[in-house]
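Chemist: no sequence on this one, just coordinates:
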């Protein structure tokens, strides 16, 4: 059973979350990228899987798989297209794309609209579980691609001269 919130209050949390992500992204793009900075966010996010210990958050396996795949295949795509790593001397830097913020706003809008619909047929906890799995699939694919790009930029293999 979910607790009813006054209408304006339901919007405050997601907007604060969006602002936090935007500020984090600006701060993250200012410093050099490292393996730790690429790998730690998805590992930290993985701790959220503990929510499934509670029966209220459990959803059918097929829904879970679908949510992860939608996140990894559809929602990660804009992030993959707007994130590039570049070598700057000895450092690897994340090139900031102006489109990235538009992508985040679009993803926020999709999530918020879907949440409004899903809340009518699922419990709040199940909706949260689906949103988490969408985001997890998206983050894992995005960070995996960043990891591969980072490794390619830091590779010390010398190519033979022709």
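Modeler: Here it is on my side, so go on. Since the structure is predicted, the reported quantities are computational estimates derived from the model, not experimental observations. Numbering: from 1, shown residues only.
Chemist: is it true that residue 67 touches residue 138?
Modeler: No. If you go by CB atoms under 8 Å, residue 67 and residue 138 don't touch, sitting 10.1 Å apart. C-betas here are computed from N, CA, C, even on glycine.
Chemist: all strands for the protein, in order.
Modeler: 84-88, 91-95 (DSSP state E).
Chemist: which strands and helices sit next to the last one?
Modeler: In terms of contacts (3 or more CB pairs under 8 Å, 6 or more residues apart in numbering; DSSP states H and E), strand 91-95 is packed against strand 84-88, helix 124-154.
Chemist: for the ones you listed, which one ends up most surrounded?
Modeler: helix 124-154 (a mean of 19; mean count of other CB atoms under 10 Å).
Chemist: Report the inter-axis angle for that helix versus strand 91-95.
Modeler: 130 degrees (axes from the mean of the first three to the mean of the last three CA atoms, to 10 degrees).
Chemist: how about low-confidence regions in this protein?
Modeler: 1-11, 25, 28-29, 98, 156-162 (pLDDT under 70).
Chemist: Look up how far residue 12 lies from the spatially most central residue of it.
Modeler: Nearest to the mean C-alpha position of the chain, counting by CA atoms, centre = their mean, stands residue 139 at 3.6 Å. To residue 12, residue 139 is 24 Å away according to CB to CB, to the nearest Å.
Chemist: thinking again about what came up before, nearest approach to residue 115 belongs to which of the helices and strands packed on strand 91-95?
Modeler: Between residue 115 and the helices and strands packed on strand 91-95, the tightest spacing by CB to CB is seen for helix 124-154, at 5.8 Å.
Chemist: helices and strands around the closest one, which ones?
Modeler: By 3+ CB pairs under 8 Å, 6+ apart, helix 124-154 packs against helix 35-46, helix 61-70, helix 76-82, strand 84-88, strand 91-95, helix 98-121.
Chemist: I'm done for today, thanks for sticking with me.
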